[in-house]
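A.B. asks: model the following, please.
(2 chains)
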Amino acid sequence: MDELLADFLAETAEGLAELDTALLRLERAPGDTATLALVFRLVHTIKGTCGFLGLPRLERVAHAAENLLGEVRDGTRVADGPLIGAVLAAADRMRAIVDGLARDGTEPAGDDGALVGQIEALRAGAPAPAPTPPTPAPAAAPAPPAPVAVEAPAAPVVVEPQAAAPAADQAVDPQVAGQTIRVAVEVLDHLMTLAGELVLTRNQLLQVARSQAGHDFAVPLQRLSQITSDLQEGVMKTRMQPIGGAWSKLPRLVRDLSQELGKPIELVMQGAATELDRQVLELIRDPLTHMVRNCADHAIEPPDERRAAGKPAVGKIRLTAVHEGGHIIVQIADDGRGLPVERIRAKAAALGFATAAELAAMSEAEIIRFIFRAGFSTAQEVTAVSGRGVGMDVVKTNIERIGGAIDVRSEAGRGTSFTIKIPLTLAIVAALVVQAGGERFAIPQIGVLELVRVGPGSENKVELIHDTKVLRLRDRLLPLADLTDLLQLPPADSEDRFVVVAQVGGALLGLIVDRVFDTEEIVVKPIAPILRHLSVFGGNTILGDGSVIMILDPNGIARAVGLAGAEERPEEAAHAEVLDMERSALLLMRAGGEGLMAVPLRLVARLEQVARGDVERSAGGPVTQYRGRLMKLITLAPRPADPAEWPAHSPVLVFARGRRIAGLVVDEIIDVVQDQLNVQLGAAGPGLLGSAVIDGRATDLLDVGYHLSAAIAGWFDDEHEQASARLLLVGGGRVAGLVPVLAAAGYGVATANDEAGALRLRDGGAMFDAVLVDRPDESDGFIRALRDAGAWRGLPLIALVGRVPAARLGQMRAAGWTDCVPGGDRALLADSLASCLSATVAA
Amino acid sequence: MDGQGARACLVVDDSRVVRKMARRMLEECGFSVSEAADGAEALAACRAAMPELVLLDWNMPVMNGIEFLRALRAEFVPGPPVLLCTTECEMERIIEALDAGATEYVMKPFDAPILRGKLEQVGLL
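C.D. replies: Here you go, the predicted structure:
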């Protein structure tokens, strides 16, 4: 029975997927009897089969849909929008039931009465009402409204024949069905592993043979080599699936979005038959869906706007896939409004991704790449500017994880296109074998752009800017990572070295190596769990000579060296800026008075509008429903206790901490500014951290932590010990930006301008739970002074450091620092504080 | 159950699940079972080796049950008995099917006793 059920689930899932495409095709061509027959049969088969298995819910829904379709087949009604909508709704319900069945082994509980009733009502209402009259639809029929179909009689979603073809082929071509067998994926994966092993063994044999001239087995060995390659290719093919599989849900998605948004959209899919490894296919499915959704949602303009711009009212999204070398190029293009370059530029500035001067110098192409930066989209939501690029950082991460790359082009008013390059398979890659510090490493070739020889005999030289190695390459400064330093290997004796220039996202990174050997097809073996936390390695492999070497991951290396120029580490850059106080994004608003107030933007989870009608009074004050949960609203006096007297809409700053959320109701959000913070601490009353001059105006800095903990008991509960901890922050203006961050985390914070100031505080009898020092003096004089004597000798003392060599970190710890935290890494700082303080409590 | 003495039955249905289910029931009755996913496949199978019984679904892609039945009866006289599986929404077509040469029909979903009963009716058990 279980085996039958598994078969049933697979069969029904396929059937439902095919049903979706067929229904959309039928909607476009209601008279297409072949498609109608297919739709009928698919529903019929599901119904017929679930009768055998005793699945009453599924049978009932399928039966209702079948009856409705039966009328179309018998010619008593036409397959109009409402009918297609109803059958689609039935298909969705069946899918939900099948999902539940797959999960629990039984049909999930639920009542399909309403759905079945609607379908029956549609049947009873035959002959079908002609395209809905312009009178408002009765509220009682929520299921299949098709407002867009009315507005734009040219069907909202058009799928070109290329797209429909594969599905139709599957349904019609008897040869294919007859000559296909199903094989468990594990079997194929195992074959792939074995083929990989064979490749390795072959490589080993070839290596041995090379060292022995004139042996007898040259010819058979060559044959073996050829056959191995063919076998590997053949096995790889068995795992290939058409990319159409990852696209199958898109026509439906676009149709639904099109209706929902009132924008007619044409989805064109080309190259659906292009094949790639099923593992890769699985991994790109979600990013593709996400991007198509973005296109439909944000990029395509409403029809009026399009007409006004002289474009056809129907928007177009084009998906193409082609093979190119060992890669698949997938392109997602739309003819919409293009990315809002100026808005992205402004946002990048507000988020401190780059200085205004840098931004001004950047090309549009560079600017729009900011949409891939982590934190960009979140910030966009925060400022309520709903633009394109929601979650593009996640898309990029997912694609890079499989060794792919993504790029974007955009032209204002003409559209946007994303180009994704992904490897055909993840199991075998071409790699460059290099040596550093006597060890060999493999670097996947996909990311390698060029090799540069550096050293005395070359025109290219490694230069030092501050302590950072860079390479001047064709008028461009290339950040470098020295593998021997990074991996703490013995330095090379030769001055003559090589730089492997690798693409890391949109940036370039140079890896300094001692030697470059050859390129080789390597079989990627997963990295041992014990090494998995090392991001610099992407796996390991066995070379032809039998030695095991590590595969380097340029993305991981860029992260490990914290390259400021690399896009990969925007968080660090952003945090570093908090410390440096060069820029700090602040949300300016008015709340409970005429004066300006500011909150650091990064503390705010989201910006929302709350309607007066949605605010309820509770014993503890006003609350509202937020994403299915009750959210307490904090008001800054004066605001009427009765929400009925509030303005129709109030902006709300949503703060989140773990599972807890709270909303701060403000009167008006004025701007997001970045400014040098010159905070006068403690100058104002409770609930304020201090005041500062921002954009030339006196502004109060709101103490978010104070208001949250006052309104919600236990806001900081998970850090109870730290909640009352008092910290001394040494570093003057450079660390002022950390003050609100630490305060919001529940710490009491005092500051000292420099080390001398800190010592004066100590000698004056001040006591703290921990002392944080930004970039302490190199001579270690200060730490010795603290550790040698005085009341602070036993305190946790944490140094916030810039980029310092590992050896120096060791020295600093030896000198007495409890911990050294990279200045920009707020998360690390929080961890360090938590562990230092809990250690103190325990002691 | 050794295949030598067993009588051959061809199960024609586009659902893998139904084919598998029917196979189990028929094997219990002593048949050796082969499968086809549509009428065209079934016709090809009959041409290669005529079974002693065909269990036939109605609604299938490529070539449906009734088309298969007509082709089978036109090509082979008298041919094997054909048991047509239908659902209630195809009831009105049963006459058409019997005219086209179906020996008997069985309603879906069926279980082993029902199928056995039908086979007895046809004289195969």
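
A.B. asks: quick one: least confident helix or strand in chain B?
C.D. replies: Across the helices and strands of chain B, mean confidence by mean pLDDT, DSSP states H and E is lowest for helix B:94-100: a mean of 82.

A.B. asks: contacts for it, please.
C.D. replies: Residues outside helix B:94-100 that contact it (CB atoms under 8 Å, 6 or more residues apart in numbering or on different chains): B:Trp58, B:Gly65, B:Ile66, B:Leu69, B:Arg70, B:Arg73, B:Leu84, B:Thr86, B:Ala102, B:Tyr105. C-beta coordinates here come from the backbone N, C-alpha and C atoms, glycine included.

A.B. asks: so, low pLDDT: which residues of chain B?
C.D. replies: B:1-5, B:88-91 (pLDDT under 70).

A.B. asks: in it, what residue lies closest to chain A?
C.D. replies: The minimum distance from chain B to chain A, using CB to the nearest CB, falls at B:Pro109 (3.5 Å).

A.B. asks: where's that residue relative to B:Val17, distance?
C.D. replies: 11 Å (CB to CB, to the nearest Å).

A.B. asks: and if you look at A:Ala412?
C.D. replies: 54 Å.

A.B. asks: higher neighbour count, the two?
C.D. replies: Per other CB atoms under 10 Å in any protein chain shown, whichever of A:Ala412 and B:Val17 has more neighbours is B:Val17, with 24 against 13.

A.B. asks: what residues are up against that one?
C.D. replies: A:Leu4, A:Asp7, A:Phe8, A:Glu11, A:Thr49, A:Phe52, A:Leu53.

A.B. asks: surely it forms part of a helix?
C.D. replies: Yes. Per DSSP: H, G, I helix; E, B strand; the rest coil, B:Val17 lies within a helix segment.

A.B. asks: how close does it sit to A:Ile428?
C.D. replies: Using CB to CB, B:Val17 is found at 37 Å from A:Ile428.

A.B. asks: could you do A:Asp2 as well?
C.D. replies: For A:Asp2, the distance to A:Ile428 - CB to CB - is 36 Å.

A.B. asks: next: A:Leu509.
C.D. replies: Distance, A:Leu509 to A:Ile428, by CB to CB: 24 Å.

A.B. asks: check what pLDDT the closest residue to A:Glu668 other than its chain neighbours gets.
C.D. replies: Using CB to CB, 6 or more residues apart in numbering or on different chains and skipping residues adjacent in sequence, the residue nearest A:Glu668 is A:Arg590, 4.6 Å away. With respect to pLDDT, A:Arg590 scores 82.

A.B. asks: what is the neighbour count of A:Arg590?
C.D. replies: 16.

A.B. asks: buried stuff in the stretch of helix or strand A:Ser417 belongs to?
C.D. replies: Here A:Ser417, judged by DSSP states H and E, is contained in strand A:415-423. Going by neighbour count (16 or more other CB atoms under 10 Å in any protein chain shown), the buried part of strand A:415-423 is A:Gly415, A:Thr416, A:Ser417, A:Phe418, A:Ile420, A:Lys421, A:Ile422, A:Pro423.

A.B. asks: return the distance of it from the chain's centre.
C.D. replies: 16 Å (CA atoms, centre = their mean, to the nearest Å).

A.B. asks: give me the contacts around it.
C.D. replies: With contact meaning CB under 8 Å, 6+ apart, strand A:415-423 is reached by A:276, A:280, A:284, A:287, A:291, A:295, A:299, A:324, A:326-339, A:388, A:399, A:402-410, A:429, A:446.

A.B. asks: just the buried members of those residues?
C.D. replies: Among the contacts of strand A:415-423, those classed as buried by 16+ other CB under 10 Å are A:276, A:280, A:284, A:287, A:291, A:295, A:299, A:327-339, A:388, A:399, A:402-410, A:429, A:446.

A.B. asks: list phi and psi for the most centrally placed residue in chain B.
C.D. replies: Nearest residue to the geometric centre of chain B (CA atoms, centre = their mean): B:Leu55, 1.2 Å. Here is the backbone geometry of B:Leu55 (degrees, to the nearest 10): phi -100, psi 120.

A.B. asks: show the pLDDT at A:Ala333.
C.D. replies: With respect to pLDDT, A:Ala333 scores 92.

A.B. asks: neighbouring strands - and their directions - for the helix or strand where it lies?
C.D. replies: According to DSSP H and E, A:Ala333 maps onto strand A:327-334. Strand A:327-334 has its sheet partners listed here by DSSP bridges as strand A:315-324 (antiparallel), strand A:415-423 (antiparallel).

A.B. asks: JSON lines please, covering those and showing mean pLDDT.
C.D. replies: Formatted as JSON lines, the strands paired with strand A:327-334 follow (pLDDT from 0 to 100):
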{"stretch": "strand A:315-324", "mean pLDDT": "87"}
{"stretch": "strand A:415-423", "mean pLDDT": "87"}
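
A.B. asks: for chain B, what lies in contact range of chain A?
C.D. replies: B:14-18, B:20-21, B:37-38, B:40-41, B:57, B:59-62, B:87, B:89, B:108-109 (CB under 8 Å from any CB of the partner chain).

A.B. asks: switch to 7 Å and redo it
C.D. replies: B:14-18, B:20-21, B:37-38, B:40-41, B:59, B:61-62, B:87, B:89, B:108-109 (CB under 7 Å from any CB of the partner chain).

A.B. asks: with adjacent residues omitted, what lies nearest to the closest residue to chain B within chain A?
C.D. replies: Closest contact between chain A and chain B, by CB to the nearest CB, is at A:Gly51 (3.5 Å). Nearest residue to A:Gly51, sequence neighbours excluded (CB to CB, 6+ apart): B:Pro109, at 3.5 Å.

A.B. asks: wait, a strand at A:Arg41?
C.D. replies: No. A:Arg41 is assigned helix when assessed by three-state DSSP, not a strand.

A.B. asks: quickly find the element holding residue 24.
C.D. replies: Picked chain A for this. Applying DSSP H and E as the criterion places A:Leu24 in helix A:2-28.

A.B. asks: sorry, I should have been clearer: chain B.
C.D. replies: Counting by DSSP H and E, B:Arg24 is part of helix B:16-28.

A.B. asks: after that helix comes which helix or strand?
C.D. replies: Counting by DSSP H and E, what follows helix B:16-28 is strand B:31-36.

A.B. asks: that following strand: how far from the chain's middle?
C.D. replies: 10 Å.

A.B. asks: hang on, the earlier thing: let me know the secondary structure of the residue of chain A closest to chain B.
C.D. replies: For A:Gly51, the assignment made with three-state DSSP gives helix.

A.B. asks: for chain A, what helix or strand is lowest in average pLDDT?
C.D. replies: Ranking chain A's helices and strands by mean pLDDT, DSSP H and E puts helix A:570-580 last, a mean of 32.

A.B. asks: I'd like to know which elements whatever helix or strand comes next after that one is packed against.
C.D. replies: Next along the chain after helix A:570-580, taking DSSP H and E as the criterion, comes strand A:585-590. Here strand A:585-590 touches strand A:596-600, strand A:668-674, going by 3 or more CB pairs under 7 Å, 6 or more residues apart in numbering or on different chains; DSSP states H and E.
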